[in-house]
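Student: sequence first, predicted model second:
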Amino acid sequence: MPLVETLRHSLPPPARSLALIGLLLIAVGVVLYLARVVFIPLAFALMLSFLLSPLMTRLERMRLPRPLAAALIVLALLGGAGFGALQLAEPAADWVSRSPAVLQTLERKVRPWRRPVKDVSQLAERVERMAQVDDKKAPQEVTLERPSMLSSALDTVSSVGAGALVVMFALYFMLLSGQVLMGRVIAWVPDLRSQRRTADVLESIQRGMSRYLATLFCINLTVGTAVGTGMFFLHMPNPVLWGALAAIVNFVPYVGPFVGILTVGAVALATFDKPAAGLAPPLFYLILTSIEGNLITPLILGRTTELDPLAIFVWLLFWGWLWGVPGAIVAVPMLMLIKLTCEKSRVLAPIAALLSRNSIAPPP
């Protein structure tokens, strides 16, 4: 470890500690990136375990053995997800295969709006031709044939399916041994009073995450249902598909609704002949998500659970860069988990205050 030894002998203790922490964070980031195939399913399984832990508790109170209760939850979740995927697979594959034609239709319909820009571009091309003095024949370009969009989509679906199976197995074992692991953590604490406080802290974090994820899931499901219903009344093709898309992308703040609005807008403009009919679906989507993000979600979750928008944005950028779309989906729940954990510690309370939109009193 020559770099660590150099830092140890050349820097004062405070700077040395900061440098070592920085190296540790870089090492952790590299491991998370290289082993993302393992960590992404585990992150999804952890969030699902928080979401489903109250259901697990209810089944145990009904005298069901813990292995059977965990298996029933996982099988029900797997069956629901499989049924939804089967229902949406055909329309999604159809739109993926039709996407080149949709883009061509969209380009043709927006061509009149681009006419002023096109005139300026043609004028620039003429000036460039007049300035050219070399009339040699341009070399021919050789392009490699890329795989079709449908085959790429099928490869993505197969990889997502394999990851989903890993998530289900990991979720089963987390539900099965969650209480055992919590008991082992509490057993590490030396005295009885500290054990009680540790148990209260862990249960509080679990309850907070379960309540937050359940509320977030219900809000996004409601948004997806409202979008699908609106698309049905606006005569959009495959309204259930767009409702499911809205429910999924709404887990990603800021970016997700923007992507959903653009997708629905492109399909609507390519589908309808009249501009008013083509603009109505994305406008409805925009109004709905604006009301949800600025009024409904803050009102339901409460101001005390709100995260700082800058922290959310930076966290989304980091995990989206590190893990792509799955990282962006689990980014905000992971940030909430960190915030809830830091709130229970006097030492880490400043981190919770930094992540929160409102000030947080330190724990006693």
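Tutor: Alright, I've got the coordinates.
Student: list the buried ones in the helix or strand where residue 339 lies?
Tutor: When secondary structure is defined using DSSP states H and E, the element that contains residue 339 is helix 325-343. Buried residues in helix 325-343, counted by 16 or more other CB atoms under 10 Å: 326-333, 335-343. C-beta: built from backbone N, CA, C; applies to glycine.
Student: so which elements touch it?
Tutor: Using 3 or more CB pairs under 8 Å, 6 or more residues apart in numbering; DSSP states H and E as the contact criterion, the elements in contact with helix 325-343 are helix 36-61, helix 192-233, helix 309-323, helix 349-355.
Student: among the ones you listed, which is nearest residue 283?
Tutor: Of all the helices and strands packed on helix 325-343, helix 192-233 sits nearest to residue 283, with 10.2 Å by CB to CB.
Student: in the helix or strand just after the closest one, what's buried?
Tutor: In the C-terminal direction, the helix or strand that comes right after helix 192-233 (DSSP H and E) is helix 239-249. Going by neighbour count (16+ other CB under 10 Å), the buried part of helix 239-249 is 239-247, 249.
Student: pick the one among those closest to residue 353.
Tutor: Taking CB to CB as the measure, residue 353 lies nearest residue 249 of those, at 30.1 Å.
Student: need the nearest residue in space to the closest one, chain neighbours excluded.
Tutor: With sequence-adjacent residues excluded and distances taken as CB to CB, 6 or more residues apart in numbering, residue 249 is closest to residue 256, at 3.5 Å.
Student: max-length helix in this protein?
Tutor: Taking DSSP state H as the assignment, the helix of the chain that covers the most residues is helix 66-109.
Student: re the thing from before, with pLDDT added, can I get the buried residues of helix 239-249 in a markdown table?
Tutor: Shown next, in a markdown table, are the buried residues of helix 239-249 (pLDDT from 0 to 100):
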| residue | pLDDT |
| --- | --- |
| 239 | 91 |
| 240 | 92 |
| 241 | 92 |
| 242 | 93 |
| 243 | 94 |
| 244 | 93 |
| 245 | 92 |
| 246 | 93 |
| 247 | 93 |
| 249 | 92 |
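Student: want to throw those into a markdown table with distance to residue 174?
Tutor: A markdown table is the format used below for the buried residues of helix 239-249 (distance: CB to CB, whole Å):
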| residue | distance to residue 174 |
| --- | --- |
| 239 | 35 |
| 240 | 31 |
| 241 | 31 |
| 242 | 33 |
| 243 | 30 |
| 244 | 26 |
| 245 | 28 |
| 246 | 29 |
| 247 | 24 |
| 249 | 26 |
